[in-house]
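Colleague: Give me the fold of what follows.
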Amino acid sequence: MAKASNRIDGLRLRHLRVLELIDEHRSLRAVGQVLNRTQPAVSQMVKDLEYAFGVELVARSVRGVGLTPAGHVALERARSGLSSLDQLAAELKISPSPILRIGTNPALIFNLLPATLRILDAGNNAVRYRVSAGVVGDILRELWDGRIDCYVGRIDWNHIPKTVMPSLRHDPLTHTDLVLACSKNHPLAGRSDIDIAELADWPWLLPPAESNNRIALETELRNHGVILPQPMLELNAGPGSLLTLTHEMQVLTLTPRFMLESRLAVGEVVALNIPGFALPEIQVGFVTLAEYETMASVRNFRQALRQAAEALTGEYGRPCQLANSDPL
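Modeller: The predicted structure is shown next:
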């Protein structure tokens with residue numbers, strides 16, 4: 001173990017950059033031009049990397065060079081480290097105060113995230129926060145590429161590369177129902193005898209076809225022999241926008257149940273009661289990389305997040321067992 005550590009200690013940042021450039025250019029000569037190094041010097045850097053890690057990272061052929069499977073794993077981990085260093089350099093130029101980069105889903109901006117920041121007393125905290133909201137897959141990719149420090153939101157494990165799994169740390173936080181909803185003035189509001197087939201007769205306001213929620217809706221309808229009609233309006237925006245338009249229009253939509261308790265919807269947009277119709281629960285969790293979990297800002301945010309989730313669970317979800325630093 002000591003010998004391996006000594007080998008790695010001899011590496012420099014440019015050694016890790018070499019993997020990134022080889023993956024991009026597929027040529028040692030082109031990599032040398034970018035780094036202002038000769039081709040033999042680049043070859044030596046590759047040998048240094050392979051000696052340090054004890055595995056072949058670069059495969060050579062008549063068509064050029066490329067990363068081996070081990071090389072791709074090394075690149076994925078190196079990218080997060082290189083991105084963190086770039087972020088650190090940018091922060092120090094602006095302010096000595098650390099910035100915690102958080103990725104999330106738009107729905108959580110209405111409840112869990114502000115509750116967490118209140119616990120942290122963010123306005124009087126030396127740490128600054130930068131929040132990115134977006135599609136689950138895109139935001140998680142930013143995490144393992146090192147562009148954010150942690151993620152809180154829905155997690156689609158089926159779309160996370162197996163090579164990334166060992167480097168992730170996960171806390172399950174809470175879960176909530178995914179429900180169909182409409183304006184309180186809609187003809188279906190308040191009815192307890194809605195037939196599932198009736199849903200095809202009404203105009204819909206829905207997120208894009210590739211969204212997890214819409215896929216779940218279409219699957220459940222097909223399970224009952226119903227084909228979802230083309231939506232009257234497809235909206236590529238957060239659930240807040242969906243609820244605002246649902247309040248103003250005679251349409252059906254779907255939303256996490258806790259959104260119906262937000263100020264945007266409370267009393268104005270209601271869940272439909274449809275016997276025999278059940279959409280899958282939405283699991284909400286916290287994820288970070290193993291190398292980030294010891295950062296003070298990540299630790300404090302994680303703890304506050306767990307407190308906020310416990311407090312909010314009784315309001316819009318059902319309790320779930322919270323885990324401690326679960327490696328995946």
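
Colleague: if you skip the residues just before and after it, what's nearest to residue 311?
Modeller: residue 115 (6.7 Å; Cβ to Cβ, 6 or more residues apart in numbering). In this view, the C-beta of every residue, glycine as well, is placed from N, C-alpha and C.

Colleague: Count residues in the vicinity of the one you found, would you?
Modeller: For residue 115, the neighbour count with other Cβ atoms under 10 Å is 18.

Colleague: and it, what does it touch?
Modeller: 308, 311, 312 (Cβ atoms under 8 Å, 6 or more residues apart in numbering).

Colleague: which residues does the residue sitting nearest the centre point of the chain contact?
Modeller: Residue closest to the average C-alpha location in the chain (Cα atoms, centre = their mean): residue 140, at 3.3 Å. Taking Cβ under 8 Å, 6+ apart as the criterion, residue 140 is in contact with 103, 151, 155, 156, 159, 160, 287.

Colleague: The last one: what secondary structure?
Modeller: The reference is to residue 287. What DSSP: H, G, I helix; E, B strand; the rest coil gives for residue 287 is strand.

Colleague: swap in the first one?
Modeller: Judged by three-state DSSP, the three-state class of residue 103 is strand.

Colleague: quick one: it and residue 155 touch, right?
Modeller: No - counting by Cβ atoms under 8 Å, no contact exists between residue 103 and residue 155, whose distance comes to 11.3 Å.

Colleague: Next one: residue 297 from residue 108, what distance?
Modeller: When Cβ to Cβ, to the nearest Å is applied, the distance between residue 297 and residue 108 equals 18 Å.

Colleague: try residue 161
Modeller: Separation of residue 161 from residue 108 (Cβ to Cβ): 24 Å.

Colleague: Please say which of these two ends up with more neighbours.
Modeller: Per other Cβ under 10 Å, whichever of residue 161 and residue 108 has more neighbours is residue 108, with 24 against 12.

Colleague: For the residue of the chain most remote from its centre, identify the helix or strand it belongs to.
Modeller: Note on the chain: the largest C-alpha distance from the chain mean falls to residue 40, namely 40.6 Å (Cα atoms, centre = their mean). Using DSSP states H and E, residue 40 maps to helix 39-53.
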